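Chemist: My questions concern the predicted model and sequence given below.
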There are 2 protein chains.
Amino acid sequence: MQTFTEENYLKTIYKLSAEDASVTTNQLAATLQTKAASVTDMLKKLAEKKLIDYVPYYGVTLTEIGKKIAVDVVRKHRLWEYFLVEKLKFKWDEVHEMAEELEHISSVVLVDRLDQFMGYPAYDPHGDPIPDKHGRIKQQEFKPISQLNVAEGGVISGVREHSPAFLQYLEKLNLMLGNQVKVIEILAYDQSVVLTVNQSENRISISKEAAKNILVSA
Amino acid sequence: MQTFTEENYLKTIYKLSAEDASVTTNQLAATLQTKAASVTDMLKKLAEKKLIDYVPYYGVTLTEIGKKIAVDVVRKHRLWEYFLVEKLKFKWDEVHEMAEELEHISSVVLVDRLDQFMGYPAYDPHGDPIPDKHGRIKQQEFKPISQLNVAEGGVISGVREHSPAFLQYLEKLNLMLGNQVKVIEILAYDQSVVLTVNQSENRISISKEAAKNILVSA
DNA sequence: ACAATTATTTAGACTAATCTAAATTTTTAT
DNA sequence: ATAAAAATTTAGATTAGTCTAAATAATTGT
């Protein structure tokens, strides 16, 4: 059994591993809002428990056991988010903090029963895939709007940024999951993207940054 | 904001206060499965925070603020138990441990939304009243089977003991909430009670101890 | 009433997680 | 190649919650 804190470290290492194979102390400190010295201490402890492979000054990767625990926390987080939005009718920008607590509830049978109750959803309210009880994850083939060319489009299927501010911004522009977008123009000087939503007449313009953080499927 | 541990102390003081006005160090140590010395330390801390009134060597009572927090934890515990049984279809003897964790999820709006989702239930799966969002509790007028005379009866409405073993025992005897019982005989030598359930022919016999722990309403 | 027992508190220590400041290692730039 | 900068680790301290052992207070039994 791991503590709340250990689970948060494992989850964060897991998420950062998607970007770089090996995760560094400073990356973890920044993400976990703590100090590098604290991270070093925890990494030693997790390595001691064989949950990570840790090479001082180089970086850290998850062991199979560590990865299992991390995926499990992610599964719980996303299932609870789905519950909060679909059953309790919270908005997609309201659920992250609550799920950060709920993801540490330990009972395995509880989360499996919750999964069943909701009909085994495959994606959470932000389009992230929900691992099944064996840790298997449906591989997404989404790409950011920033990679579309003019006249190309797709269905909004996920986001890469989960801050309430960003999610509220998307809601205001009607850039919600399931909506169809089409690129009308990419402005040369700042790569900002002009697009339409659901065949509407309205053209909306989003920054290159925003375009990178909205994922579409073909 | 209180820690998990502080909340458990407050909740336990609250529950023990129902039996004795003032709660002692050893009572708390026994209930919380810890040592008297640890309890003393925590009581000093809670008194410092004005959540309890603590008189060394005498005992402890909750302040208004402390009581508010305790009732809130109890509310969350009972609502989550109701959720686990009514929505996720757990049995009444399976939910206590899970609710012990869920009761510490901090979001107030989450628990209120959960309450709404379930239609504002008044009692949890063990017949205990669920405080409303203002902390108001429906006063029960239940009495234990041990206080019934021969030929008297009532509807099973609650239990005073929540261990899985006791709950499973009740289930096996069909002594479930809502069922009608009637006292046929009280054996003189050990006060054990013979009764019928739902007008059935079957007579079942329960110990005086068990009879004390099953609550009926008229 | 007072000795013995029981309950409670105090003293001092431990673990987990964190911090600051200093030391060390690695990387980068010339 | 090596000095400066950046990243990381080590050392030592802090807080929350817990413990054991010792000291003190309250209660009980004769």
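Modeler: Happy to help now that I have it.
Chemist: part of a strand, is residue A:195?
Modeler: Yes - assessed with DSSP: H, G, I helix; E, B strand; the rest coil, residue A:195 lies in a strand.
Chemist: beta partners for it?
Modeler: Beta-bridge partners for residue A:195, by DSSP bridges, are residue A:183, residue A:204.
Chemist: got a pLDDT number for it?
Modeler: Note on residue A:195: pLDDT of 97.
Chemist: My guess is it contacts residue A:183. True?
Modeler: Yes - counting by C-beta atoms under 8 Å, residue A:195 does reach residue A:183; the two are 5.2 Å apart. Just so you know, the C-beta spots here come from the backbone N, C-alpha and C atoms, and that holds for glycine as well.
Chemist: Which residues are in contact with each of the two?
Modeler: Shared contacts of residue A:195 and residue A:183 (C-beta atoms under 8 Å, 6 or more residues apart in numbering or on different chains): A:145, A:153.
Chemist: Between the two, point out the one with more neighbours.
Modeler: For residue A:195 against residue A:183, the residue with the higher neighbour count under other C-beta atoms under 10 Å in any protein chain shown is residue A:195, and the figures read 23 against 20.
Chemist: Which residue ranges of chain A form strands?
Modeler: Using DSSP state E, the strands of chain A run over A:52-55, A:59-62, A:143-144, A:153-159, A:180-186, A:193-197, A:204-206, A:214-217.
Chemist: Just name the most buried of those.
Modeler: When you average the neighbours per residue for each of the strands of chain A (mean count of other C-beta atoms under 10 Å in any protein chain shown), strand A:214-217 leads with a mean of 22.
Chemist: Let me see the domain layout of chain A.
Modeler: Domain assignment for chain A by automatic domain parsing gives A:4-62, A:143-217.
Chemist: out of those, nearest to DNA strand C?
Modeler: Comparison of the domains of chain A against DNA strand C by C-beta to the nearest atom of the strand identifies domain A:4-62 as nearest, at 3.2 Å.
Chemist: model confidence over the closest one, on average?
Modeler: Rounded mean pLDDT across domain A:4-62 is 95.
Chemist: Distance from the chain centre to that domain, please.
Modeler: 18 Å (C-alpha atoms, centre = their mean, to the nearest Å).
Chemist: Would that domain count as contacting chain B?
Modeler: No - Domain A:4-62 is not in contact with chain B by C-beta under 8 Å from any C-beta of the partner chain; minimum separation 9.1 Å.
Chemist: what's the first-to-last distance across that domain?
Modeler: One end of domain A:4-62 sits 17 Å from the other (C-alpha to C-alpha, to the nearest Å).
Chemist: swap in stretch A:113-126?
Modeler: Stretch A:113-126 end-to-end distance (C-alpha to C-alpha) = 22 Å.
Chemist: So which residues of chain A form helices?
Modeler: Assigned by DSSP state H, chain A shows helices spanning A:4-17, A:25-32, A:36-48, A:64-86, A:96-102, A:108-117, A:164-172, A:208-212.
Chemist: Point out the most buried one among those helices.
Modeler: Highest mean neighbour count of those: helix A:64-86, a mean of 21 (counted as mean count of other C-beta under 10 Å).
Chemist: Next one: that helix, is it in contact with DNA strand C?
Modeler: No - using C-beta under 7 Å from any atom of the strand, we find that helix A:64-86 stays clear of DNA strand C, coming within 13.3 Å at best.
Chemist: what angle separates that helix from helix B:108-117?
Modeler: 60 degrees (axes from the mean of the first three to the mean of the last three C-alpha atoms, to 10 degrees).
Chemist: what packs against helix A:64-86?
Modeler: For helix A:64-86, the packing partners by 3 or more C-beta pairs under 8 Å, 6 or more residues apart in numbering or on different chains; DSSP states H and E come out as helix A:4-17, helix A:96-102, helix A:108-117.
Chemist: who's in contact with the last one?
Modeler: Meaning helix A:108-117. A:75-76, A:79-80, A:83, A:105, A:121, A:130, A:132-133, B:84, B:87-90, B:98.
Chemist: so how far is it from its chain's centroid?
Modeler: Here the centre of helix A:108-117 is set off from its chain's centre by 21 Å, with C-alpha atoms, centre = their mean.
Chemist: about what we covered before: turn the helices of chain A into TSV, columns for distance to residue A:56.
Modeler: As requested, the helices of chain A are exported to TSV (distance: least, C-beta to C-beta, whole Å):
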stretch	distance to residue A:56
helix A:4-17	16
helix A:25-32	9
helix A:36-48	8
helix A:64-86	17
helix A:96-102	29
helix A:108-117	34
helix A:164-172	36
helix A:208-212	34
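Chemist: would a markdown table of the ones you listed with distance to DNA strand D be doable?
Modeler: Formatted as a markdown table, these follow (distance: least, C-beta to the nearest atom of the strand, whole Å):
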| stretch | distance to DNA strand D |
| --- | --- |
| helix A:4-17 | 12 |
| helix A:25-32 | 3 |
| helix A:36-48 | 3 |
| helix A:64-86 | 17 |
| helix A:96-102 | 16 |
| helix A:108-117 | 23 |
| helix A:164-172 | 26 |
| helix A:208-212 | 22 |
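Chemist: between the ones you listed, which gets nearest to residue B:2?
Modeler: helix A:96-102 (14.1 Å; C-beta to C-beta).
Chemist: is chain B contacted by the closest one?
Modeler: Yes - judged by C-beta under 8 Å from any C-beta, helix A:96-102 comes into contact with chain B at A:97, A:98, A:101, A:102.
Chemist: Can you dump the C-alpha atoms of that helix in PDB for me?
Modeler: Once non-C-alpha atoms are left out, helix A:96-102 reads as follows in PDB (Å, rounded to 0.1, in the frame of the first residue of the first chain):
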ATOM      1  CA  HIS A  96     -10.400  18.100 -11.500                       C
ATOM      2  CA  GLU A  97      -9.800  19.100  -7.900                       C
ATOM      3  CA  MET A  98     -12.400  16.700  -6.600                       C
ATOM      4  CA  ALA A  99     -11.000  13.900  -8.700                       C
ATOM      5  CA  GLU A 100      -7.600  14.600  -7.300                       C
ATOM      6  CA  GLU A 101      -8.900  13.500  -3.900                       C
ATOM      7  CA  LEU A 102     -11.200  10.700  -5.000                       C
END
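Chemist: Excluding residues flanking it in the chain, which one is nearest the most centrally placed residue in chain A?
Modeler: Most central in chain A under C-alpha atoms, centre = their mean is residue A:128, positioned 5.8 Å from the mean C-alpha point. In space, and not counting its chain neighbours, residue A:128 is closest to residue A:78: 5.8 Å by C-beta to C-beta, 6 or more residues apart in numbering or on different chains.
Chemist: So for the one you found, what pLDDT did the model give?
Modeler: With respect to pLDDT, residue A:78 has a value of 98.
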